[in-house]
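Colleague: what's the 3D shape of this:
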Amino acid sequence: MNNEHELIYEGKAKKVFSHDDADKVIIEFKDDATAFNALKKAKFEGKGKLNCLISSRIFEILKNENIPTHFIALKNENTIIAQKIKIIPLEIVLRNTAYGSLCRQTTIRSGTDLVKPLIDIYLKNDELNDPLITKDRIELMNIISSKELDLIIGLTLKINVILKNFFKNIQLKLVDFKLEFGYDFQNNMVLGDEISPDNCRLWDLNQNSDTIVSLDKDRFRNDLGGLIEAYSEINRRINDFI
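Modeller: Residues are numbered from 1 along each chain as shown. Below you'll find the predicted structure:
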């Protein structure tokens, strides 16, 4: 990254730099992979580039469907230009199929397709290990108003319909995904962060057996191997479809 751009923030998977325009930022995707609140870490060459390219394509699809996002343009293969936003400290997880923590915390069997999408909200706080949080607690902590939370939930449900259909077209099942929202300089609510195999569970529908084939970060979480190959396959299918 050019030295003239100041590093504003570095997270687990991305670096955020200043832009010549104060209302914009430059976001660089890193090759780092983390899981279990960064207790497990590794580096995969080319991962940042793949997540950047996949996210950019998906943001373009969402913008074409009138979903407000922070994405402006792809700068290069591992960097985007985005609106500078103030992130709301909530992680919005939408589940179409039961898997992972939902099954560990309930009696729902893994792989059960849910009758309707389930939205779980987590407080974005590493020290507290990102706990599941209720609407009443969000109101009690004065994080956002109930009206703003309703707006986020409405946008998340719309995004789910768009993404489910898109991924189905490229033979992928959208099991669940995590979103983050924030406010732009005009105080509009917009979708931030990224949408990639790092924060979506995607199962390959091109399988003849009942065996689940994950093409997402579960390959790293569960020591399945082939993470870059899985991400590359998703990128290839997106490019072939678009």
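Colleague: so Met53 touches Asn235, yeah?
Modeller: You called it Met, but residue 53 is Leu. Yes - using Cβ atoms under 8 Å, Leu53 is in contact with Asn235, at 5.7 Å. Every C-beta, even on glycine, is put in place using the N, C-alpha and C of the backbone.
Colleague: what's the overlap in contacts for the two?
Modeller: Common contacts of Leu53 and Asn235, defined by Cβ atoms under 8 Å, 6 or more residues apart in numbering, are absent altogether.
Colleague: could you pull out the strands for this protein?
Modeller: Along the chain, counting by DSSP state E, strands occupy 7-10, 14-18, 24-29, 32-35, 40-43, 71-76, 79-83, 86-87, 90-97, 113-123, 172-179, 181-183, 189-191, 200-204.
Colleague: elements contacting the fifth one?
Modeller: Helices and strands in packing contact with strand 40-43 are listed as strand 32-35, helix 218-221; criterion 3 or more Cβ pairs under 8 Å, 6 or more residues apart in numbering; DSSP states H and E.
Colleague: quick check: beta-bridge partners of Asp113?
Modeller: In this entry, Asp113 is beta-bridged to Thr97, by DSSP bridges.
Colleague: now do the same for it: its pLDDT.
Modeller: The model reports Asp113 with a pLDDT of 96.
Colleague: check Met1 too.
Modeller: pLDDT, Met1: 53.
Colleague: below-threshold pLDDT in this structure: ranges please.
Modeller: 1-3 (pLDDT under 70).
Colleague: walk me through the domains of it.
Modeller: 7-83, 86-229 (automatic domain parsing).
Colleague: could you export those domains as TSV, including distance to Phe241 and mean neighbour count?
Modeller: Listed next are the domains of the chain as TSV, based on distance: least, Cβ to Cβ, whole Å; neighbours: other Cβ atoms under 10 Å:
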stretch	distance to Phe241	mean neighbour count
domain 7-83	9	17
domain 86-229	5	16
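Colleague: minimum distance to Ile242: which of these has it?
Modeller: domain 7-83 (6.4 Å; Cβ to Cβ).
Colleague: which residues does the nearest residue to Lys173 once chain neighbours are set aside form beta bridges with?
Modeller: Excluding the flanking residues, the one nearest Lys173 by Cβ to Cβ, 6 or more residues apart in numbering is Trp203, at 4.3 Å. Applying DSSP bridges to Trp203 gives these bridge partners: Lys173, Ser214.
Colleague: lovely, talk soon.
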